[in-house]
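K.L.:
kindly generate the corresponding structure for this input.
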Amino acid sequence: MITKYRLRDPLSPYRSLLRHLPLVVQMAKRDVVGRYRGSFIGMLWAFFNPLLMLGVYTFVFGVLFKSRWGGVATGHFDYAIVLFAGLNINTLFAECANRAPSLIVDNANFVKKVVFPLDVLPWTLLGSALFHLLISTIVLLLFVVIAHGAVPWTAVLFPVVVAAFMPFMVGLCWLLGSLGVFLRDLKQAMMVITPMLLFLAPVFYSKELIPEAYRRLLYLNPLTLIVEASRDVLIWGRMPSWPALGIYVLVSCLFAWAAFGWFERSRRGFADVL
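P.N.:
Below you'll find the predicted structure:
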């Protein structure tokens, strides 16, 4: 009866988060700390990794290739910053999408514990990925200051852009996490799909390079709108397209609700398979 009530409630995915927020925070923290446990500099790698990668992007694309982003990004740092802003969003997506198919399988010990809320595992995964996005964004903003002298005030809207992306991400984790129990090849499939979505989004190139007849197809990629909105608020000091972002949130929330419903119904068979 409780499950049926929750599935009829469009806010049920978020009530689950609020109900178990301390558990989600604790498990996300454990996931982040466990990733760097045993390394010499520990969690400093979370800062040095994006810093080193941005330095490489600057040298390769800005200095060697002299890449430019239309008439907007014309300096050595500019293209690397624009590229890095898009890659940060893709990294968030890829980390969740690639780990989600094995999320339940890797936590099989929780499946048979009746009192453990399995539906919080996707929130935990997303929380860990958001921590790394935060560190990468700090690095990005440091380079924005170096290149442009200041961070645009619209950067305060970046959490809004990320919040718009979260329903889709957690819904994807519920869907892939449940399907991954029954389809073990799904993890390998996602390792192929995530790079495809990267190259089919305007991360390495401007959408203006795509023929106008095909340009709208880019927006079938769930990364495209979020990548563009992130660049607008973090680099170029522009407002995101609020109508487009509103439609994105609505569709993402419906997707998250449907994915949560599928997860709740399919979890009954987890113990039999695992």
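K.L.:
give me the below-cutoff pLDDT ranges for this structure.
P.N.:
The model of the chain has pLDDT under 70 over residues 1-7, 38-42, 62, 67-68, 70-76, 114, 274.
K.L.:
ok, which stretches of it are strands?
P.N.:
In order along the chain, the chain carries no strands (DSSP state E).
K.L.:
which parts of it are helices?
P.N.:
2-8, 12-19, 21-36, 45-57, 76-99, 103-106, 108-111, 121-148, 158-182, 186-199, 212-215, 224-231, 242-266, 270-273 (DSSP state H).
K.L.:
and those helices, which is most packed in?
P.N.:
Highest mean neighbour count of the helices of the chain: helix 224-231, a mean of 24 (counted as mean count of other CB atoms under 10 Å). Glycine gets a C-beta too; all of them are placed from N, C-alpha and C.
K.L.:
re earlier: format the helices of the chain as a markdown table; extra columns: distance to L64.
P.N.:
Converted to a markdown table, the helices of the chain look like this (distance: least, CB to CB, whole Å):
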| stretch | distance to L64 |
| --- | --- |
| helix 2-8 | 54 |
| helix 12-19 | 45 |
| helix 21-36 | 31 |
| helix 45-57 | 11 |
| helix 76-99 | 10 |
| helix 103-106 | 39 |
| helix 108-111 | 47 |
| helix 121-148 | 18 |
| helix 158-182 | 30 |
| helix 186-199 | 21 |
| helix 212-215 | 29 |
| helix 224-231 | 23 |
| helix 242-266 | 35 |
| helix 270-273 | 50 |
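K.L.:
can you tell which of those is closest to V63?
P.N.:
Proximity to V63 (CB to CB) singles out helix 76-99 among the helices of the chain, at 5.8 Å.
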